[in-house]
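# sequence first, predicted coordinates after that:
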Amino acid sequence: MTTPAIVLYGPPASGKDTITAALHQLDPRYVGFGKIKLAAEHGDTTRYRLASALELQQLRADGLVVYENDRYGNRYVVDRPGLDAAFAAGQIPVVHMGQVVGVRALRAYEVDWLPVLLWCSRDTTFTRARLRGSVDVDARLTVWDETLQDLDTAAPDDFALRIHTDHHQPTEAALLIDAALRRRTGRMVE
């Protein structure tokens, strides 16, 4: 039996948080993975585990960093101990990613990843970002543009499923992801 995990890739406001919440409603084992965040300003700390530069340096030295990137003036890290803890707790981690290279890097952590491309139009990102009160809408649109360029580097097999979130409700998207994961793994761990 394989150990399942999900990676949701997409531009800002493509629905990663909303769909993760819908997946959790569908099955409580689906849990958003809390990346490590080294923040210039603390901002949103509810979805992240804060760490110092020294702690990150130690993770790197111990070979425990699966992927790290900079965005919005912060550093974000997917770490082996965090993933290990999620699996030990019986969770199916849902990792949010904004770079194709990050989706590929997760393969180094050997579980059955279901990579899902969530997409929405630039106008949808603008509208959603404003409605959720983002103070950095222009930065979000810049990242949307970068994500579109990043997709040019994607190979056909980088994503097992593609969902246009401006055409699918979050619950519908969660059901599609759940069904794809069940097909991919044969069955879910009971």
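Nice, thanks for sending it over.
# identify the residue nearest the residue nearest the centre of the chain in space, chain neighbours excluded?
In the chain, the C-alpha nearest the mean C-alpha coordinate belongs to residue 96, at 0.8 Å (C-alpha atoms, centre = their mean). Spatial nearest neighbour of residue 96, excluding adjacent residues (C-beta to C-beta, 6 or more residues apart in numbering): residue 16 at 4.5 Å. From N, CA and C alone the C-beta is placed, and that goes for glycine too.
# before we move on, back to that, hang on, the residue nearest to the centre of the chain is in a helix, isn't it?
No - according to DSSP: H, G, I helix; E, B strand; the rest coil, the state of residue 96 is strand, so it is not within a helix.
# how near is the nearest residue to residue 27 once chain neighbours are set aside to residue 94?
Spatial nearest neighbour of residue 27, chain neighbours left out: residue 178 (6.9 Å); criterion: C-beta to C-beta, 6+ apart. Distance, residue 178 to residue 94, using C-beta to C-beta, to the nearest Å: 11 Å.
# what about the two, which has more around it?
residue 94 (24 against 19; other C-beta atoms under 10 Å).
# any idea what the more buried one is bridged to?
residue 6, residue 32 (DSSP bridges).
# before we move on, back to that, okay, now the residue nearest to residue 96: neighbour count?
Count around residue 16 with other C-beta under 10 Å applied: 23.
# residue contacts, residue 131?
Applying C-beta atoms under 8 Å, 6 or more residues apart in numbering, we find residue 131 in contact with no residue.
# done for today, thanks.
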